[in-house]
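> The following comprises the amino acid sequence and a computationally predicted model.
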Amino acid sequence: MPYKDKETAKKKNKEYRERNKEQIRANQRNWYLRNKEKIKDYFQKWSADHKEQQREYERKYEEKLKIVVLGHYGFGEPKCVICKEARLPCLSIDHINGCGRKHREQLHNAGGKAFYRWLKQNSFPAGYQTLCMNCQFVKKFNSKKEAGCSTQSK
Ligand SMILES: [Zn+2]
């Protein structure tokens, strides 16, 4: 009867393990010591792969965040409010009263994702708009009085 055999085998196996507990433990330990480097490599590789996944996840999150913020300040669409440019890499948030750089310095970062996060966390404060690089450049060119911007923020 196979069932009985199986049961017996299981029982014998258990007995064997019970009798040779120390030996088995030593074997396991030896196996670990022999393969220590391999195991280390494996985990290092695993964690590197995982980092890649993590970065990919963050990149997607930042992209989504950027679309949400640019959409809010582009009157409902991630587009330049002046020329309607819609290519994402061309778009960024412009500080309407021209104090963008100063404000970003206050936020301790050089623009980019932390700024987008800050805008979202602060429920999209007024005073910003979505502009493309060209329109930002033209705006800067046209208003050299920008230097005299007020210190008001938010
Ligand atoms: Zn534009």
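Perfect, thanks for sending it.
> mind listing the helices for this structure?
For the chain, the helices defined by DSSP state H occupy 2-19, 21-72, 100-106, 113-121, 133-142.
> Indicate which one of those is closest to the ion.
helix 133-142 (3.2 Å; Cβ to the ion). In this view, the C-beta of every residue, glycine as well, is placed from N, C-alpha and C.
> List of residues touching the closest one?
Contacting residues not belonging to helix 133-142 are listed as C80, I82, C83, E85, C90, L91, S92, D94, L131, E146 [Cβ atoms under 8 Å, 6 or more residues apart in numbering].
> circling back: now the helices of the chain as TSV including distance to the ion, mean pLDDT and mean neighbour count?
Formatted as TSV, the helices of the chain follow (distance: least, Cβ to the ion, whole Å; pLDDT from 0 to 100; neighbours: other Cβ atoms under 10 Å):
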stretch	distance to the ion	mean pLDDT	mean neighbour count
helix 2-19	74	84	10
helix 21-72	12	90	12
helix 100-106	16	59	16
helix 113-121	19	90	15
helix 133-142	3	91	14
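> picking up where we left off before, in CSV: the contacts of helix 133-142, plus distance to the ion and neighbour count.
Converted to CSV, the contacts of helix 133-142 look like this (distance: Cβ to the ion, whole Å; neighbours: other Cβ atoms under 10 Å):
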residue, distance to the ion, neighbour count
C80, 3, 24
I82, 5, 16
C83, 3, 13
E85, 4, 19
C90, 8, 15
L91, 8, 24
S92, 11, 21
D94, 10, 22
L131, 6, 27
E146, 18, 15
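> Let me see the contact set for the residue nearest to the spatial centre of the chain.
The chain has E58 as the residue nearest its centroid, 2.0 Å off, counting by Cα atoms, centre = their mean. If you count contacts by Cβ under 8 Å, 6+ apart, E58 has none.
> Ok, which of the helices of the chain comes nearest G127?
Nearest of these to G127, taken as Cβ to Cβ: helix 100-106 at 9.0 Å.
> wait, R117 sits on K66?
No - the pair R117 / K66 is not scored as a contact, 10.2 Å apart, by Cβ atoms under 8 Å.
> per-residue confidence for E77?
According to the prediction, E77 has pLDDT 95.
> The ion versus that one, what's the distance?
Per Cβ to the ion, to the nearest Å, E77 is found 13 Å from the ion.
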